[in-house]
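**Student:** with the input below, show me the fold.
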Amino acid sequence: MTATVIPSTYPAGDRTLPSEVAPMAHDGLDSGPVFVVGPDRSGTTLMQALLGSHPNIAMPPKASNMWTYFYDRYGDLSVPAAFERCLAAILAYRHAAILEPDADQIRAEFRAGEATYARLFAVIHAQYARRLGKPRWGDRSTYVERHADEILAAFPTGRMVHMIRDPRDRYASSITRWSRGAGRVGGATARWLYSARLARRNEARYPDRYRIVRYEDLASDPETVLRATCAFLGEAFDPAMLDLEGAEGFRGRGGNSSYGRHDEAHISPRSVGRFKSVLSKRELAFMQTYAGREMRRMGYAPISLRLSTNDRMRFLAWELPLNLVRMAIWRVLVGLSAAGPKALSRRSSGSGPR
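**Tutor:** Numbering: from 1, shown residues only. Here you go, the predicted structure:
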């Protein structure tokens, strides 16, 4: 099944924009949380900053990663000792510290309702939203698309926005921060395939509550994409979002591209297609061979490649098997992580693209 992407960059008739809808009524913090998900280096931070600039949506400046690192890791939270272990771990996590959680208030609010991980995370985020004076809370965490079933069951009015990006550009962006290393393109391909397949599966299962947004569309036409995204979320579009007024840290970095600097709050498509000048033909050959079908489903066309004899021999004898092993290892790590793949996202210390 082909994913629905906003806005359309596909042939006429294949994609449609959602119609504008009236904004949701805000009843305290019950209008439904907003989750921004997807692989790292795919525009999740940009979407987080844009949505966090909406007057109704509180988006923390960093990924909370609560579902990735803490969900179902400490046992039954109705057991006081388990709850305290989990809370202590969250409070010690530096991304959670940005939310300035009040531990005593968390304990009091949590005891007043159902003892679930989803509710604990919601209590923490709701505190942050109230501090900002906003009626709706949001969260960004990479690869949390894996928990779409649990999240959307826990929050019946919640919405998920899944950012996807050309896997070649995503990998090219990642290696501007971290060195390549042997077999890295294999891990990067496995990660992208994992997220892209979950994106299509989740959107098919929750068509009114799950939406795929391509980074390329957001970077090329941010207003059109934001208007469609706001309609999906049941919010009125606010032009202040484009100025990133609610995301000072992101705004001050001068743009959304890893390649060079931009004017403050500038959103540019200059990184689209950059892989052509960054990745080797052998890296592209591997990625297009093993992700080509999924790339086409997401609207990313493989490019024609012609390897020299030496490149072909090196690819077949060394890089192909090494990258396949890297892919297999990554998949095993995911399979072994029953509650949530710790290996999926970089830890706060970072270890580079895998």
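**Student:** just the helices in the stretch 101-250 of the chain please.
**Tutor:** Along the stretch 101-250 of the chain, the stretches classed as helices by DSSP state H, counting those that start in this stretch are 103-111, 117-132, 148-154, 167-174, 184-205, 215-220, 222-233, 248-252.
**Student:** tabulate the CA atom coordinates of the fourth one in CSV.
**Tutor:** Right, helix 167-174. Below are the C-alpha coordinates for helix 167-174, written out as CSV (Å, rounded to 0.1, in the frame of the first residue of the first chain):
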residue,chain,number,x,y,z
PRO,A,167,17.6,7.5,2.8
ARG,A,168,20.6,8.6,0.7
ASP,A,169,20.3,12.2,1.9
ARG,A,170,19.6,11.1,5.5
TYR,A,171,22.9,9.1,5.4
ALA,A,172,24.8,11.9,3.7
SER,A,173,23.5,14.3,6.5
SER,A,174,24.5,11.9,9.3
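**Student:** returning to what we had before: out of the helices of the stretch 101-250 of the chain, which gets nearest to Leu46?
**Tutor:** helix 215-220 (6.6 Å; CB to CB). For glycine as for every other residue, the C-beta is placed from the backbone atoms N, C-alpha and C.
**Student:** pLDDT below threshold where in this protein?
**Tutor:** Within the chain, the ranges that satisfy pLDDT under 70 run 1-30, 178-183, 246-265, 337-354.
**Student:** most remote residue from the middle of it, which is it?
**Tutor:** Thr309 (39.0 Å; CA atoms, centre = their mean).
**Student:** coming back round to it: now the helices of the stretch 101-250 of the chain in JSON lines, with distance to Ala328?
**Tutor:** Output for these, formatted as JSON lines (distance: least, CB to CB, whole Å):
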{"stretch": "helix 103-111", "distance to Ala328": "41"}
{"stretch": "helix 117-132", "distance to Ala328": "30"}
{"stretch": "helix 148-154", "distance to Ala328": "25"}
{"stretch": "helix 167-174", "distance to Ala328": "18"}
{"stretch": "helix 184-205", "distance to Ala328": "8"}
{"stretch": "helix 215-220", "distance to Ala328": "27"}
{"stretch": "helix 222-233", "distance to Ala328": "36"}
{"stretch": "helix 248-252", "distance to Ala328": "36"}
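**Student:** if you compare those helices, which one is most tucked away?
**Tutor:** For the helices of the stretch 101-250 of the chain, the largest average neighbour count (mean count of other CB atoms under 10 Å) is found in helix 167-174, namely a mean of 25.
**Student:** and the angle for that helix with helix 184-205?
**Tutor:** The directions of helix 167-174 and helix 184-205 differ by 120 degrees, with axes from the mean of the first three to the mean of the last three CA atoms, to 10 degrees as the criterion.
**Student:** quick one: residues in contact with helix 167-174.
**Tutor:** 39-42, 184-185, 188-189, 192-193, 196, 215, 258, 271-275, 278-279, 283-284, 287-288, 291, 295, 300, 352-353 (CB atoms under 8 Å, 6 or more residues apart in numbering).
**Student:** out of the helices of the stretch 101-250 of the chain, nearest to Asp72?
**Tutor:** Nearest to Asp72, of the helices of the stretch 101-250 of the chain and by CB to CB, is helix 117-132 at 6.1 Å.
**Student:** now for that closest one, which elements pack on it?
**Tutor:** Where contact means 3 or more CB pairs under 8 Å, 6 or more residues apart in numbering; DSSP states H and E, helix 117-132 is packed against strand 57-58, helix 66-69, helix 80-92, helix 103-111, strand 136-140, helix 148-154.
**Student:** the fifth one: partners in the sheet, and parallel or antiparallel?
**Tutor:** Okay, so that is strand 136-140. Under the criterion DSSP bridges, strand 136-140 sits next to strand 34-37 (parallel), strand 57-58 (parallel) in its sheet.
**Student:** turn the ones you listed into JSON lines, columns for mean neighbour count.
**Tutor:** Shown next, in JSON lines, are the strands paired with strand 136-140 (neighbours: other CB atoms under 10 Å):
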{"stretch": "strand 34-37", "mean neighbour count": "28"}
{"stretch": "strand 57-58", "mean neighbour count": "26"}
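**Student:** which one of those strands lies closest to Ser304?
**Tutor:** Comparing those by CB to CB, strand 34-37 comes nearest, at 32.8 Å.
**Student:** give me the residues contacting the closest one.
**Tutor:** Against strand 34-37 from outside (CB under 8 Å, 6+ apart): 44, 47-48, 51, 57, 59, 136-145, 148, 151, 158-163, 233.
**Student:** repeat that for stretch 78-98.
**Tutor:** 60-66, 69-70, 73-77, 101, 103, 106-107, 110, 115, 117, 120, 124, 348.
**Student:** how about it: buried residues?
**Tutor:** Phe83, Cys86, Leu87, Ile90, Tyr93, His95, Ala96 (16 or more other CB atoms under 10 Å).
**Student:** then stretch 290-305?
**Tutor:** Tyr290, Ala291, Glu294, Met295, Met298, Gly299, Tyr300, Pro302.
**Student:** coming back round to it: now the buried members of the contacts of stretch 78-98.
**Tutor:** 60-66, 69-70, 74, 77, 101, 106, 110, 117, 120, 124.
**Student:** tell me which stretches of the stretch 251-354 of the chain form strands.
**Tutor:** Applying DSSP state E, counting those that start in this stretch to the stretch 251-354 of the chain gives no strands.
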